[in-house]
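**Q** any chance you can model this:
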Amino acid sequence: MSSLIDEIDWDEGGETSHYIPATSENKPPYDEIDISSAEFWRQDFAEQDRLFRILREQRPVSWQRPMEEAVIPDPDDPGYWALTRVAEISEVSRNPEMYISGQGVLFDMLPQIFLTMTQSFLAMDNPMHGKLRKLVSTAFTPKQVRRMEDKISQTAKACVDEIAHKGKIDFVTELSTHIPLITFCEIMGVPRDKWELTGRAAADIVAWADPEVLGDRKADEVQVEAASILHEIAAEMYEERLKNPTDDLFTGLVQAEVDGEKLDEAQLGAFFVLMSVAATDTTKHTSSFAVLGMTEFPEQRQWLMEDYDNRIGTAVEEMIRYGAVVETFRRTAIVETELGGQRIMPGDKVVMFYSSGNRDAEVFTNPDYMDLSRDPNPHVGFGGGGVHFCLGSNLAKSMLRALFKEILTRIPDFKASNPTFLGTNFMRAITHLDFEFTPEVRRA
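**A** Have a look, this model is predicted:
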């Protein structure tokens with residue numbers, strides 16, 4: 001494949017410390033349950049879960065062949081270790097000194113400059129990871145958090161206002177897509193005339209995982225172009241906030257300071273790219289799985305409606321576990337160790353299958369059932385804990401709380417049906433979903 005991404009220098013944009021090539025030496029045969037095939041990821045979730053269950057029970061750490069349909073195929077890729085239980089997922093997540101992120105967190109070994117442009121501290125190791133995360137965290141002041149909560153509630157109300165009188169919609173395209181995008185743009189302070197472009201570019205960043213978005217375009221070229229667009233938007237905002245600070249989160253990021261250091265324009269751009277994707281996709285798909293689950297298990301909807309304010313906190317955690325929308329992230333081992341009875345060598349890729357972990361019967365009673373009262377709920381929906389735990393988790397939970405308050409108080413008798421699923425190894429997603437309800441009577 002020859003494209004824009006081939007022209008990027010691996011050594012630009014950041015250190016490639018700890019780089020150790022993986023090898024196939026002393027590895028077992030590839031597992032007979034092949035979770036690397038495109039065919040596996042195009043099966044329905046029930047069949048995927050059945051095979052994951054076998055791996056969890058018999059071979060929780062299995063050696064798998066390289067993933068099919070990589071954005072950048074690597075002829076030297078020997079394969080990876082698949083982690084399917086909570087125990088191993090958590091162990092890797094909480095030991096970043098043994099399992100690093102700096103070589104990337106997706107299956108593909110992407111150029112360092114591309115990781116720097118799009119994944120910010122998600123694809124970094126300490127000390128740089130800790131430095132950037134601390135700087136970003138200082139922008140989330142109590143005042144900003146209160147402002148975000150208010151803005152999220154207003155956005156959820158406005159979005160439900162738009163559809164409450166219709167009676168039937170596509171839940172994804174007409175509701176769940178809009179709330180996280182508008183919320184992100186409002187909170188971040190994206191100019192109104194850039195909202196649509198921001199949403200389109202964010203979708204293109206993960207277009208390789210969505211054939212409907214990708215169309216006939218080359219995945220790597222689309223990703224580079226989309227990342228450049230988002231960096232340009234962030235650069236314009238950066239220059240504007242330096243001259244005219246406001247009360248939005250982007251201003252808070254520009255002004256954030258720790259030990260005399262601030263985020264530079266490139267670092268702000270990378271974080272903007274990361275958040276534009278993370279803040280939109282995960283909430284969209286989690287809410288879609290939640291309404292589908294409440295349709296399948298109506299007693300759960302009734303339980304939540306009986307005492308919404310006191311029960312929604314617990315319910316949101318279960319929505320995240322049940323939806324399990326982020327399928328996978330990987331780490332790279334830099335020391336020899338043992339994991340789940342297998343010998344892990346420096347350079348080995350270890351891939352955490354969160355959707356499998358969130359169905360782990362050793363941790364969750366009746367894991368295929370959506371139990372909104374499930375407590376405790378040690379799901380791995382935000383990365384299994386550790387230093388890379390999702391910084392935007394509270395933002396995502398706030399959006400879910402606000403959205404379902406509007407839905408369950410205004411159009412509670414809904415029925416979700418006919419989902420169209422996205423068959424990828426990265427996002428457990430619903431692209432279209434029929435959503436019927438008794439229309440709300442519009443007041444004159």
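**Q** which phi and psi does the closest residue to residue 394 other than its chain neighbours have?
**A** Take residue 394 and drop its neighbours on the chain: the residue closest to it by C-beta to C-beta, 6 or more residues apart in numbering is residue 145, 7.7 Å away. (Each C-beta comes from the backbone N, C-alpha and C, glycine too.) Main-chain dihedrals, residue 145, degrees, to the nearest 10: phi -60, psi -40.
**Q** quick check: nearest residue in space to residue 408, chain neighbours excluded?
**A** According to C-beta to C-beta, 6+ apart, the nearest residue to residue 408 is residue 305 (5.3 Å).
**Q** over to residue 286?
**A** residue 323 (4.3 Å).
**Q** now residue 412
**A** Nearest one to residue 412, counting by C-beta to C-beta, 6+ apart, is residue 305 at 6.3 Å.
**Q** counting neighbours, what do you get for the one you found?
**A** Using other C-beta atoms under 10 Å, residue 305 has 14 neighbouring residues.
**Q** can you tell me the SS state at it?
**A** Three-state assignment for residue 305 (DSSP: H, G, I helix; E, B strand; the rest coil): helix.
**Q** check it and give its pLDDT.
**A** In this model, residue 305 is scored at 98, pLDDT.
**Q** distance of it from residue 372?
**A** 10 Å (C-beta to C-beta, to the nearest Å).
**Q** same deal with residue 429?
**A** Residue 429 is 21 Å from residue 372, by C-beta to C-beta.
**Q** residue 169 belongs to a helix?
**A** No. Secondary structure of residue 169 (three-state DSSP): strand, not part of a helix.
**Q** just checking, it touches residue 162?
**A** No. Between residue 169 and residue 162 there is no contact under C-beta atoms under 8 Å: 9.3 Å.
**Q** neighbour count: the two, which is higher?
**A** A side-by-side neighbour count of residue 169 and residue 162, using other C-beta under 10 Å, places residue 169 first with 19 against 12.
**Q** ranges for the helices of the stretch 301-444 of the chain?
**A** 308-323, 354-357, 393-410 (DSSP state H, counting those that start in this stretch).
**Q** from the chain's centre, how far out does the helix-or-strand element of the chain with minimal mean pLDDT sit?
**A** Every helix and strand in the chain was compared by mean pLDDT, DSSP states H and E; the lowest is helix 112-118, with a mean of 74. Averaging C-alpha positions (C-alpha atoms, centre = their mean, to the nearest Å) puts helix 112-118 17 Å from its chain's average.
**Q** and it, what other elements does it pack with?
**A** helix 219-243, helix 265-296 (3 or more C-beta pairs under 8 Å, 6 or more residues apart in numbering; DSSP states H and E).
**Q** got a markdown table for the ones you listed, with mean neighbour count too?
**A** A markdown table is the format used below for the helices and strands packed on helix 112-118 (neighbours: other C-beta atoms under 10 Å):
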| stretch | mean neighbour count |
| --- | --- |
| helix 219-243 | 19 |
| helix 265-296 | 23 |
